[in-house]
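Undergrad: Sequence plus the predicted model coming up.
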Amino acid sequence: MMSKGSKSSLRGESGLVEVKSKYDAEFRRFSVDKNKMKEYEGFEKLLSALHNIDPQSFVITYTDTHGDLLPINNNENFQKALSTAKPLLRIMVQMKGDVVLFIKYKYMY
């Protein structure tokens with residue numbers, strides 16, 4: 001039987017990144033092979049299919065190692081997000097209009 005630490009190190013060596021995606025009250029857990037999925041568009045399509053939403057209607061954000069909420073909206077940001085996954089990449093999927101409301105509320109109070 002393999003320990004949790006062993007499983008985690010095998011994932012890192014194989015290129016698999018665990019992702020926990022939140023959309024509304026719905027959570028999805030899945031793995032992404034960072035050696036195969038290098039394009040933001042492919043990740044966006046995957047999230048669209050998993051959450052059953054239109055690919056152009058949402059924004060993807062993740063929490064970096066400093067606790068900052070950052071966007072995933074291009075290949076460079078997608079690769080940065082994958083590199084911060086230790087051991088899990090936590091992302092939030094929000095409808096485009098909802099993001100503006102969240103940001104306004106966060107900084108008003």
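TA: Happy to help now that I have it.
Undergrad: following the worst-scoring helix or strand of the chain on mean pLDDT, which helix or strand comes up?
TA: Least confident element among the helices and strands of the chain, by mean pLDDT, DSSP states H and E: helix 4-14 (a mean of 50). For helix 4-14, the following helix or strand on the C-terminal side (DSSP states H and E) is strand 16-23.
Undergrad: quick one, phi psi at the residue nearest the centre of the chain?
TA: Geometric centre of the chain, nearest residue: Ile91, 3.5 Å, by C-alpha atoms, centre = their mean. Main-chain torsions, Ile91, degrees, to the nearest 10: phi -120, psi 160.
Undergrad: Compute the inter-axis angle for the helix or strand hosting Ser83 and strand 16-23.
TA: Using DSSP H and E, Ser83 sits within helix 75-84. Going by axes from the mean of the first three to the mean of the last three C-alpha atoms, to 10 degrees, helix 75-84 is angled at 110 degrees with respect to strand 16-23.
Undergrad: average pLDDT across helix 75-84?
TA: Averaged over helix 75-84, pLDDT sits at 95.
Undergrad: where in this protein is pLDDT low?
TA: 1-13, 98-109 (pLDDT under 70).
Undergrad: and if we set it to 50?
TA: 1-3, 6-12, 100-101, 103-105, 107-109 (pLDDT under 50).
Undergrad: Buried residues of stretch 87-97, list them for me.
TA: 89-94 (16 or more other C-beta atoms under 10 Å). For the C-beta atoms, the positions are set from N, CA and C on the backbone; glycine is no exception.
Undergrad: And stretch 51-65, by the same measure?
TA: Buried residues in stretch 51-65 (16+ other C-beta under 10 Å): 58-62.
Undergrad: and of the residues you listed, the nearest to Ser83?
TA: For these, the minimum distance to Ser83 (C-beta to C-beta) is 11.0 Å, reached by Tyr62.
Undergrad: Can you classify that closest one by secondary structure?
TA: Secondary structure, DSSP: H, G, I helix; E, B strand; the rest coil: Tyr62 is strand.
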